[in-house]
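Novice: Okay, predicted coordinates and the sequence, questions at the end:
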Amino acid sequence: MIKNNRQDIERDKDELYLKKSALGIKILENCRNELYGLFPYMDGAFASLSYRPEEKPGTIATQGENLCFFPDFLLEMYGKSPAKVRRGYLHILLHCLYLHPFQEGRYEERLWNLSCDIAVELLLERERIPALVLPANDPGAAVRERCFEVIGGRAVSAEQIYNLFLKEGFFDDMEKLERAFLFDDHSLWKSEKDPLKRKANRHRWERILAYTGQNKEAEKQRAGLKKGNSAEKMEAVQKGRYDYRKYLKKFAVPREETELDTESFDYIFYHYGMERYGNMPLIEPLEYKEINRLEELVIAIDTSGSCSRETVRQFLGETYRILSEKENFFRKMKVFFIQCDCFIQDVAVIHSREEWEDYSRELTIQGRSGTDFRPVFQYIREQQEKKEIRRLKALIYFTDGDGIYPREKPDYETAFVFLKKTDSMNMVPAWAVKLLAG
């Protein structure tokens, strides 16, 4: 009987461990997805670590292949501060990207570990992303702040920090510094004894680093962060109430319309012919004129409970004012107007000013549930596959920003429009544009 009880106890322990391990993996997957929304160019790094539960208490670590964790330790830490786990996940990835685990005995181990931790934490600190900010009562806050002041807030490598310590000594107690900056267990860094495998793992992360760098440069170009585009982006955010004209103008596509082209012929010859030969101009004005207007557009409204009816009405009124101006669209425009909370609630396809006026007069807001932006992107993808949407350049999504964003950038630009600046704006993925409505 006692034996059976012991077996039952062991079986229960095993089942509990498996459940905690599964929950720990879900936590890490959730952190990875949240971080991907902030750093989409790091997709290669996020995909390069698998999750492996460990029975060693207090462990969260990597050797460059797995992210190893002790379930109880991870669950307790996440319960106290999800931001600390998110930040720690990125902390570990940065170690790998900067090849910290793969140094071959060139440095004194303890000092090297500390230098690596300070280097990656300095990078994270410079990002100033609310989702990664540690709690105000974090016990190492004062030590960290002093360290950043001494270093000067600039991005420096682990090697530079290591040499700084050797040259100038410690500006604080080493144990305090370790407690303030430590997140992961570095003992796994040397767990792989096979030099060929270590070398192969290093080369793998070198390739991931190169791929990440290329992605980051491409992301900067798409997000308008290069010098040539930054003024236009900032103006779109700062200028006026709901002034999307400048933002939409860059998506205009050339097309011929049946319209008198008064700019492509010489008035002198035209007038001379009319005067000399009567009703016979020497040069007829062209009947077709190439103009630039936005042909297709998708406007999505977040109709969750957090967006008031008055707020939506204000947005609709100002959007209608812009769309009703002739220079913005072809005579045969195609506007998809989508209402969505966590599901698509209503879709209207508008082809003319008259249709827009009719729709806006009879508009009923539908939804009032939670917010999930992904159904709109899925709907657009389905319409593109059906060829109902052919030349889409932009999606404008009016929201308060508090919802679930898609992980991948679509093949058209997306602007999330906010009535006022809020913390929720920080949740917008890096590949999207944030516009302030006022």
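Specialist: Structure's in. What do you need?

Novice: Next secondary structure after the helix or strand where Arg144 lies?
Specialist: Element membership of Arg144 [criterion: DSSP states H and E] is helix 141-151. The first helix or strand that comes after helix 141-151 along the chain, using DSSP H and E, is helix 158-168.

Novice: Which elements pack onto that following helix?
Specialist: Counting contacts by 3 or more Cβ pairs under 8 Å, 6 or more residues apart in numbering; DSSP states H and E, the secondary-structure elements packed against helix 158-168 are helix 109-127. All C-beta spots, glycine's among them, are computed from the backbone N, C-alpha and C.

Novice: and with 10 Å instead?
Specialist: With contacts taken as 3 or more Cβ pairs under 10 Å, 6 or more residues apart in numbering; DSSP states H and E, helix 158-168 sits against helix 109-127, helix 141-151.

Novice: Can I get whichever helix or strand comes after it in PDB, CA atoms only?
Specialist: Later in the chain than helix 158-168, the nearest helix or strand by DSSP H and E is helix 174-181. Only the C-alpha atoms of helix 174-181 are listed here, as PDB (Å, rounded to 0.1, in the frame of the first residue of the first chain):
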ATOM      1  CA  MET A 174      30.700  43.500  -8.200                       C
ATOM      2  CA  GLU A 175      28.100  41.300  -6.500                       C
ATOM      3  CA  LYS A 176      25.600  44.200  -6.600                       C
ATOM      4  CA  LEU A 177      26.300  44.700 -10.300                       C
ATOM      5  CA  GLU A 178      25.700  41.000 -10.900                       C
ATOM      6  CA  ARG A 179      22.400  41.000  -9.100                       C
ATOM      7  CA  ALA A 180      21.300  44.100 -10.900                       C
ATOM      8  CA  PHE A 181      22.100  42.900 -14.500                       C
END
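
Novice: my guess is Gln150 meets Gly169, correct?
Specialist: Not Gln; residue 150 is Val. No. At 11.3 Å, Val150 does not count as touching Gly169 under the criterion of Cβ atoms under 10 Å.

Novice: on contacts alone, who are the packing partners of the lengthiest helix in the chain?
Specialist: Secondary structure of the chain per DSSP state H: the longest helix is helix 2-38. Helix 2-38 makes packing contacts with helix 43-46, strand 50-53, strand 66-69, helix 71-80, helix 82-97 when contacts are defined by 3+ Cβ pairs under 10 Å, 6+ apart.

Novice: Might you report the residue contacts of the nearest residue in space to Arg146 that is not next to it in sequence?
Specialist: The shortest distance from Arg146 to any non-neighbouring residue, by Cβ to Cβ, 6 or more residues apart in numbering, is to Asp172 (6.4 Å). With Cβ atoms under 10 Å, 6 or more residues apart in numbering as the criterion, the residues that contact Asp172 are Ala142, Val143, Arg144, Arg146, Cys147, Val150, Ala180.

Novice: Can you give me the separation between Asp346 and Phe337?
Specialist: Asp346 sits at a distance of 8 Å from Phe337 (criterion: Cβ to Cβ, to the nearest Å).

Novice: Common neighbours of these two, please.
Specialist: Overlap between the neighbourhoods of Asp346 and Phe337 consists of Ile301, Leu363, taking contacts as Cβ under 10 Å, 6+ apart.

Novice: higher neighbour count, these two?
Specialist: Phe337 (20 against 15; other Cβ atoms under 10 Å).

Novice: out of Val150 and Gly169, which sits in the more crowded spot?
Specialist: Residue environment comparison for Val150 versus Gly169 gives the larger neighbour count to Val150, 12 against 7, counting by other Cβ under 10 Å.

Novice: what's the pLDDT at that one?
Specialist: Model confidence at Val150, expressed as pLDDT, equals 80.

Novice: Spatially nearest residue to it, not counting backbone neighbours?
Specialist: On the basis of Cβ to Cβ, 6+ apart, the spatially nearest residue to Val150 that is not a chain neighbour turns out to be Phe171, at 5.1 Å.

Novice: again, but for Leu166
Specialist: Of all residues not flanking Leu166 in the chain, Leu111 sits nearest, at 7.7 Å (Cβ to Cβ, 6+ apart).

Novice: roughly how far apart are that neighbour and Ile118?
Specialist: The spacing between Leu111 and Ile118, counted by Cβ to Cβ, is 11 Å.

Novice: Over to Leu316?
Specialist: Spatial separation of Leu316 from Ile118 under the definition Cβ to Cβ is 51 Å.

Novice: same deal with Ala432?
Specialist: Ala432 sits 32 Å away from Ile118, going by Cβ to Cβ.

Novice: which of Leu316 and Ile118 has more neighbours?
Specialist: Looking at Leu316 and Ile118 with other Cβ under 10 Å, you find the greater number of neighbours at Ile118, namely 24 against 19.

Novice: Now do the contacts for that one.
Specialist: Neighbouring residues of Ile118 by Cβ under 10 Å, 6+ apart: 144, 147-148, 151, 156, 158, 161-162, 164-165, 177-178, 180-181.

Novice: okay, those in CSV with neighbour count and distance to Tyr17 next?
Specialist: Formatted as CSV, these follow (neighbours: other Cβ atoms under 10 Å; distance: Cβ to Cβ, whole Å):
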residue, neighbour count, distance to Tyr17
Arg144, 19, 34
Cys147, 21, 38
Phe148, 16, 39
Ile151, 17, 41
Val156, 17, 41
Ala158, 23, 35
Ile161, 21, 38
Tyr162, 20, 39
Leu164, 16, 43
Phe165, 19, 40
Leu177, 22, 34
Glu178, 16, 29
Ala180, 22, 31
Phe181, 22, 30
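
Novice: Among those residues, which one sits closest to Arg128?
Specialist: Of all those, Phe148 has the smallest distance to Arg128: 12.2 Å, by Cβ to Cβ.

Novice: surely that closest one meets Leu123?
Specialist: No. Applying Cβ under 10 Å as the test, Phe148 and Leu123 come out as separate, 11.2 Å apart.

Novice: and the residue nearest to Pro139 when sequence neighbours are not counted, how many neighbours?
Specialist: Leaving out its chain neighbours, the residue that sits closest to Pro139 by Cβ to Cβ, 6+ apart is Arg179, at 7.4 Å. Residues within reach of Arg179, counting by other Cβ under 10 Å, total 12.

Novice: still on that earlier bit, OK, contacts around the residue nearest to Leu166?
Specialist: Per Cβ under 10 Å, 6+ apart, neighbours of Leu111: Ile161, Tyr162, Phe165, Leu166, Phe170, Met174.

Novice: Against Glu168, how distant is it?
Specialist: Taking Cβ to Cβ, one finds Leu111 at 13 Å from Glu168.

Novice: Check Val156 too.
Specialist: Plainly put, Val156 is 13 Å away from Glu168 if you go by Cβ to Cβ.

Novice: Glu76 too?
Specialist: Going from Glu76 to Glu168 by Cβ to Cβ gives 37 Å.

Novice: phi, psi of the residue lying closest to Pro135 once chain neighbours are set aside?
Specialist: Distances taken as Cβ to Cβ, 6+ apart put Ser81 closest to Pro135, at 5.5 Å, once the chain neighbours are dropped. Main-chain dihedrals, Ser81, degrees, to the nearest 10: phi -160, psi 100.
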